[in-house]
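Q: fold the following.
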Amino acid sequence: MAALFTLVQLPYAPGNFYPDSTEYLTQVYGMVGDSPAEGRDKAIRAFCDQYRNKSLVLDPVGYKPKAGAKAAKNCVKRLHAQDAQGPGTRYGPAITRGASIPSTRYEDIFLSRRGVAVLYLPGVVILGPRAGMWLTALFWTLLGGVLVFLLLRRLGTSPGVAVLGQVLYLILPMRKWTMAPLSEGITLGLLMTCLLGAVYLLTGDRKRGLWLLAAGFGVGLFVKYSQFLLFAAAMAGILAIVWLVQRRRAEAPAPGLTLTLGAAVAAAAAMFLFSKLFGWPGTADTMQDLLTEHFRQPDVADPFGGWLNTNIDFWRIWLAEQLQEPFLLVAWAAGAWGVFRFHRPAGYVLLATLLAGLANQVGHPNVSQGDRIYTAAWLLTVYGVPLLVHTFRKPEPPATEPVTQLIPIQARRSPDSVPTTAPVA
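A: Predicted coordinates for the structure are as follows:
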């Protein structure tokens, strides 16, 4: 499966290079000893190199190599002309396809994600910026497929059904973002590590479950702490509801439920406390970033009101679009159906992915990047649809005859039916 997926991706390699990709790349170069100016120059050249690609040069006559080279050269010239526009920033103004973003507050958002740069570093050092980041994204995408397979097998599905989940992870629309040189593929891989840990805990393997949860949340803190905070809170909320329902029915808590709930609460609290300790951007900064065009404009006086109004407009437009092409809604409904039919705490924890993805979208109601922001919500479909298939499958017949057919008929007669022999004198 991994080889086939890689083969399919090769014609598009090394793919698009996004403005946000350069934010991580400049940090990588800083980690290997380059000065901020050197790191910025290398990031600019990596970003502009994609304009040599035929698909990015809009020429009505046809693609010409010289046109691609000229486009790349003009891109480098344009971005270096902006070098002095970001006073106070570490790496200069943000690299974009249009107007610069000369804000230290915008840069701080990416500086809080040091883990992304660390994970991209080996590939960049060995293979260069574009190939290295593309292969790193490929690795995390393939790892995500493996994690899906392992979780579904742990829940008791057949290997074929588990492979279905792996295939869904690799072909659903979120693949566009997991394969991009951004943070999404890494984030989803770590979220699925946390999910696998929770499932291990809820199915009796405490040691492995706690290690996976600690690894997923520990690394996730330095990758995109806000997404992991939302995920931990969502997981805690789902498990708390399951715990309360079982308590109301006077049922004994499911094995590992209390421990997993406690771990989720502890993870959410740790994410929040560490973000404050490190001074990372918080909710207020997110609102201002949304409402001021990435801090290009002065701060708004009422960020909450502006954020609320933007959310109302966003969800109205979003729902109208989804009703016109309801694939996403149907996919989520199918995933939720599978989880509820499975009807176990280890399955219900998967609902946290949908809640975390939607909560992230509420925090960032950006119409142009909606499918990127709620990528975690797709995991409900990835896991839920295979569980739905699993619950509808008929039990397979036993490999051998029932044991009752192997016992001699005489041995199954009642004592009253067994003839007795007169004792010998």
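
Q: wait, a strand at residue 41?
A: No. Per DSSP: H, G, I helix; E, B strand; the rest coil, residue 41 lies outside any strand segment and is helix.

Q: look up the closest residue to it, ignoring the ones flanking it.
A: residue 80 (7.5 Å; C-beta to C-beta, 6 or more residues apart in numbering). For the C-beta atoms, the positions are set from N, CA and C on the backbone; glycine is no exception.

Q: what is the burial count for that neighbour?
A: The local packing of residue 80 (other C-beta atoms under 10 Å) involves 15 other residues.

Q: could you measure from it over to residue 44?
A: Counting by C-beta to C-beta, to the nearest Å, the gap from residue 80 to residue 44 is 7 Å.

Q: same thing with residue 93?
A: 11 Å.

Q: repeat for residue 280
A: 26 Å.

Q: of these two, which one has the most company?
A: residue 44 (23 against 17).

Q: now the host helix or strand of residue 139, how far from the centre of its chain.
A: Secondary structure from DSSP states H and E places residue 139 in helix 129-154. Distance of helix 129-154 from its chain centroid, counting by C-alpha atoms, centre = their mean, to the nearest Å, is 11 Å.

Q: and for stretch 360-373?
A: For stretch 360-373, the distance to the chain centre is 14 Å (C-alpha atoms, centre = their mean).

Q: for it, output the C-alpha coordinates as CSV.
A: The C-alpha coordinates for stretch 360-373 follow below in CSV (Å, rounded to 0.1, in the frame of the first residue of the first chain):
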residue,chain,number,x,y,z
ASN,A,360,-10.3,24.6,15.3
GLN,A,361,-12.5,25.9,12.4
VAL,A,362,-14.6,28.0,14.8
GLY,A,363,-11.4,29.5,16.1
HIS,A,364,-10.3,30.3,12.5
PRO,A,365,-13.4,30.9,10.4
ASN,A,366,-11.4,31.4,7.2
VAL,A,367,-13.5,30.5,4.1
SER,A,368,-10.4,30.2,1.8
GLN,A,369,-8.7,27.6,4.0
GLY,A,370,-11.6,25.8,5.7
ASP,A,371,-10.7,22.3,4.4
ARG,A,372,-7.2,22.8,5.7
ILE,A,373,-8.2,23.9,9.1
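
Q: pull the number of nearby residues for residue 16.
A: 17.

Q: ramachandran angles for it?
A: Phi and psi for residue 16, reported as degrees, to the nearest 10, are phi -70, psi 150.

Q: quick check: it touching residue 49?
A: No. Counting by C-beta atoms under 8 Å, residue 16 does not reach residue 49; the two are 11.6 Å apart.

Q: domain parsing of the protein, as residue ranges.
A: Using automatic domain parsing, the domain parsing of the chain gives 6-111, 116-392.

Q: now mean pLDDT too, for those domains, in JSON lines please.
A: Output for the domains of the chain, formatted as JSON lines (pLDDT from 0 to 100):
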{"stretch": "domain 6-111", "mean pLDDT": "83"}
{"stretch": "domain 116-392", "mean pLDDT": "93"}
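
Q: looking at those domains, which is buried most?
A: Per residue and on average, the most neighbours among those fall to domain 116-392, with a mean of 19 (mean count of other C-beta atoms under 10 Å).

Q: end-to-end on that domain?
A: 40 Å (C-alpha to C-alpha, to the nearest Å).

Q: centre of the chain versus that domain, how much separation?
A: On C-alpha atoms, centre = their mean, the centre of domain 116-392 falls 5 Å from the chain's centre.

Q: ok, now stretch 79-93?
A: Mean-position distance between stretch 79-93 and its chain equals 31 Å (C-alpha atoms, centre = their mean).

Q: contacts for it, please.
A: 23, 26-27, 30, 36-37, 39-41, 43-44, 47-48, 94-95, 100-104, 107, 111 (C-beta atoms under 8 Å, 6 or more residues apart in numbering).

Q: again, 10 Å this time
A: 22-23, 25-27, 29-30, 35-37, 39-41, 43-45, 47-48, 94-97, 99-108, 110-111 (C-beta atoms under 10 Å, 6 or more residues apart in numbering).

Q: over to stretch 205-216?
A: Against stretch 205-216 from outside (C-beta under 10 Å, 6+ apart): 147, 154, 189-203, 223, 228, 231-232, 235, 255-256, 259-260, 263-264, 266-267.

Q: got a list of what the residue nearest the centre of the chain touches?
A: Residue closest to the average C-alpha location in the chain (C-alpha atoms, centre = their mean): residue 188, at 2.0 Å. With contact taken as C-beta under 10 Å, 6+ apart, residue 188 is in contact with 140-141, 143-144, 147, 169, 174, 177-178, 227, 353, 375-376, 378-379, 382.

Q: the host helix or strand of residue 270: what's the following helix or strand?
A: Assigned by DSSP H and E, residue 270 belongs to helix 257-278. Per DSSP H and E, helix 257-278 leads on to helix 283-291 as the next helix or strand towards the C-terminus.

Q: which strands and helices sit next to that next one?
A: helix 104-111, helix 303-324, helix 351-363 (3 or more C-beta pairs under 10 Å, 6 or more residues apart in numbering; DSSP states H and E).

Q: among the ones you listed, which is nearest residue 338?
A: helix 351-363 (10.9 Å; C-beta to C-beta).

Q: after the closest one comes which helix or strand?
A: helix 370-373.

Q: for that next one, packing partners?
A: helix 175-178, helix 303-324, helix 351-363.

Q: any idea how far residue 94 is from the closest residue to residue 48 other than its chain neighbours?
A: Counting by C-beta to C-beta, 6+ apart, residue 48 lies nearest to residue 75, which is 3.5 Å off, once chain neighbours are set aside. The gap separating residue 75 from residue 94 is 15 Å, by C-beta to C-beta.

Q: next one: residue 328
A: For residue 328 relative to residue 94 (C-beta to C-beta), the value is 30 Å.

Q: and for residue 282?
A: 20 Å.

Q: go on, residue 241?
A: 41 Å.

Q: also residue 323?
A: Relative to residue 94, and taking C-beta to C-beta, residue 323 is found at 35 Å.

Q: cool, residue 84 as well?
A: Residue 84 is 14 Å from residue 94, by C-beta to C-beta.
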